[in-house]
Every structure is written in C-alpha cells, then in structure tokens.
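> predicted structure and sequence below. I'll ask about it afterward.
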Amino acid sequence: MEAQNLLSGFFPNYKIPLTRTSKKPFSCSLPSNPSFHSLLQSHNCVSFKTHYSPCFKGSLKKIFFCVNASENAVLEEKDYKRPQVVKRKKLAVFVSGGGSNFKSIHDACFEGLVHGDIVVLVTNKPDCGGAEYAKNKEIPVVLFPRTKDATDGLSPSDLVAALRSLEVDFILLAGYLKLIPAELIRAYPRSILNIHPSLLPAFGGKGYYGMKVHKAVIASGARYSGPTIHFVDEHYDTGRILAQRVVPVLANDTAEELAARVLHEEHQLYVEVTAALCEERLIWREDGVPLIQNRGNPNEYS
Ligand SMILES: Nc1nc2c(c(=O)[nH]1)N[C@@H](CN(C=O)c1ccc(C(=O)N[C@@H](CCC(=O)O)C(=O)O)cc1)CN2
Ligand SMILES: NCC(=O)N[C@@H]1O[C@H](COP(=O)([O-])[O-])[C@@H](O)[C@H]1O
C-alpha cells in the first residue's frame, strides 16, 4: 500500500498491481521508507507536490518498489505516463543599482522556490549594491559593457562567450540601465527577461527608468501602476509582455511611496516568473504572446 500512496502523487490514475513475482527484481536500494523525492533528488532535480511532477523525465523502464520482503510492486512501462524531469537552470542577472530583485531571486533559489542557480552577476557599475552582494555570496561579477571609462569591461562577443562557458540558460535584467545589444539578444532568443516598474507599454522606453518612471506616473494622474516583466528585444521596453501586477496610485503618493509599493510586487512577481521559467512552464501562443502554465493546474495559463 505504501508504494500506492507514494505513487498516487505522481501517477494519479495508476493502480499498482501488487503481485508476487517470480522474476528476480533488480535490486532497488530505495530507503526503507522509499521516497520518490529522494530518487528524484538523486537525479539532481526536485519533485513538486502536485498531481504531476514537471520535474522527472527519465528513461525509467520499470520501477520496482520493494513493498516488503515478499511482494514487489511493478510499474510496467506501458502503464504509466512518463513524468518529466527538468534540469536545474543556470541564471545570469544584470544589475546597475541596489539589486533588491537580484537578492530576492537569489534567496528564492537558495530556498528551493526557484529550480535554478544564479551563476554570474553582470553590471556596468562594479561598486553598486548588487555587485557587493554578489561578491559576498561568492557569485562571479562581470563588467559589461566595455567603455572608454571601463576598459576592463567585456565586449558583446566576449560576454556571450563568458555566458556560454558558464552554461547560462536565461538572462534576467533587474535594474540594469544600459541597452542590451542585438548580438546578445540573438545569442539568447526568448531567453532574456527584464522587469520594468510600470504597466507597459505606458511609461516605458528611453529615459524611463528608476524614479523617473514613478514621477511620470504620478504626474499623469494614472490611478494604477505596477511592475511588468517582458522579454527583451532590441529596443527599450518593447519586448513581449509576460507578466504584470497592479497596484493603486494614491492621491497623495510621493514618487518614493509609489516606488516602494511597486518594488514590493516586483520581488514577488520576478520570483514567480523565474520559477516558471526554470520549470519550463512557459508557452508561446500562436499569435506570439507568451503565457505561464499554472504549476498546480497545467490546464490553466496566465
Ligand atoms: N535591448 C534592451 N535593453 C534593455 C532593455 C530592453 O527592453 N531592451 N530594458 C532596460 C531596462 N529599462 C527599462 O526597463 C531601461 C533602462 C534604461 C533606460 C535608459 O533610458 N537609459 C539611459 C541611460 C541611463 C544610465 O546610463 O544611467 C539611456 O539609454 O540614455 C531605459 C529603460 C535594460 N536594457
Ligand atoms: N527601466 C528599468 C528600471 O527602471 N528598472 C527598475 O529599477 C529598479 C531596480 O531596483 P533593484 O536594483 O533594487 O532591483 C526596479 O524598480 C526595476 O523595476
């Protein structure tokens, strides 16, 4: 029965035929209380306690569970839906300032909320708060771009080579204030995200960053604002929108008060989106709009 309970989380429609088998099962060295999770862990992945495990894609031919000394539960390959295992992703984060979004994502990776790791921090400001945090966490820091004032910065081709050598899967811009060149965008198609502190397409584009955005929102009389996460294309803030959250703009809001309200939502939204990215829960609608598959209900998208 134990195996049945254990597997019901992963194979809801499958009833294990508890049969005595004369076949000599290959030795299954599962712990006394066989845990599918530890089996998954051994594959350097995590399982999700939902009715499906998006994280286990293997060539498991048969799973022998030692229910007890006399019986073995046998899952025949034909009988179960092959679960999907997703490899842990490697992330590059780009910052220019304090890096609170970077820190939120780093914490989420450490806590297991994001199935990924930040393997490099890229910045144009080597002394910024985000770079200091990265150094304290022993995350490599790379200077980009190369300018006349930053001759030790990387060229676009050198940056692509460095990211490739680190096997980076996705790039997350988080308060990075320089234009990402076409060469990097071509190297990482549909793999670069940015967070912007307004409801794009409003209040975006060249000149719209940091407090400038919030001041413009307040001056416009807009009643709502909020963060947008979008894919990065060759222009500022014009890439495909992936996720947004809405916050009220209060009548007596200062730019700082609005910024703080938006930033709070940014931290949560970027972690949720990065988690979906790392679990490969993104799909592209036929009209080119990206959607996120709901972790608990794979038939639901947002
Ligand atoms: N190719 C892209 N690169 C970047 C994007 C993007 O969507 N496509 N997003 C920005 C982030 N961003 C808004 O979210 C943004 C950042 C900076 C500016 C801007 O006007 N910058 C100034 C320079 C500011 C400075 O150096 O202090 C400028 O270019 O004159 C607008 C929007 C990151 N890169
Ligand atoms: N147009 C880009 C832009 O304005 N990005 C904004 O810079 C801030 C960075 O904060 P952080 O460094 O604490 O994450 C965030 O509010 C982010 O939306």
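Nice, thanks for sending it over. Ligands and ions are numbered 1, 2, ... in the order given.
> next, count neighbours for the residue lying closest to residue 288 once chain neighbours are set aside.
Closest residue in space to residue 288, ignoring its immediate chain neighbours: residue 240 at 6.5 Å, by Cβ to Cβ, 6 or more residues apart in numbering. In this view, the C-beta of every residue, glycine as well, is placed from N, C-alpha and C. Neighbours of residue 240 under the rule other Cβ atoms under 10 Å: 14.
> the one 3 residues further on now?
Neighbours of residue 243 under the rule other Cβ under 10 Å: 19.
> surely the residue nearest to residue 288 and residue 291 touch.
No: using Cβ atoms under 8 Å, residue 240 is not in contact with residue 291; the gap is 10.4 Å.
> what residues are up against the residue nearest in space to the middle of the chain?
For the chain, residue 274 is the residue whose C-alpha lies nearest the centre (Cα atoms, centre = their mean; 2.1 Å). Residue 274 sits next to 91, 105, 108, 114, 116, 170, 172, 193 when contact means Cβ atoms under 8 Å, 6 or more residues apart in numbering.
> helix, strand or coil: sort out the fourth one for me.
Reducing the assignment to helix, strand or coil with DSSP: H, G, I helix; E, B strand; the rest coil, the entry for residue 114 is coil.
> can you give me the pLDDT of it?
Here, the pLDDT recorded for residue 114 equals 98.
> pretty sure it sits against residue 271.
Yes: using Cβ under 8 Å, residue 114 is in contact with residue 271, at 6.5 Å.
> pull the number of nearby residues for residue 257.
The burial count for residue 257: 14, using other Cβ under 10 Å.
> show the buried residues in the contacts of residue 274.
91, 105, 108, 114, 116, 170, 172, 193 (16 or more other Cβ atoms under 10 Å).
> for the stretch 201-302 of the chain, what lies in contact range of ligand 2?
Residues of the stretch 201-302 of the chain found near ligand 2 (Cβ under 6 Å from any ligand atom) are 208, 209, 210, 213, 263, 266.
> what sits against the residue nearest to residue 288?
230, 231, 233, 288, 289, 290.
> ok so, going back, can you check which residues contact both of residue 114 and residue 271?
105, 108.
> which residues touch stretch 258-270?
With Cβ under 8 Å, 6+ apart as the criterion, stretch 258-270 contacts 100-101, 104-105, 172, 174, 195, 197-198, 211, 214, 217-218, 225-227, 229, 243-245, 247-250, 253.
> rerun that using 7 Å as the cut-off
Outside stretch 258-270, the residues that touch it by Cβ atoms under 7 Å, 6 or more residues apart in numbering are 100-101, 104-105, 174, 195, 197, 211, 214, 217-218, 225-227, 229, 243, 245, 247, 249.
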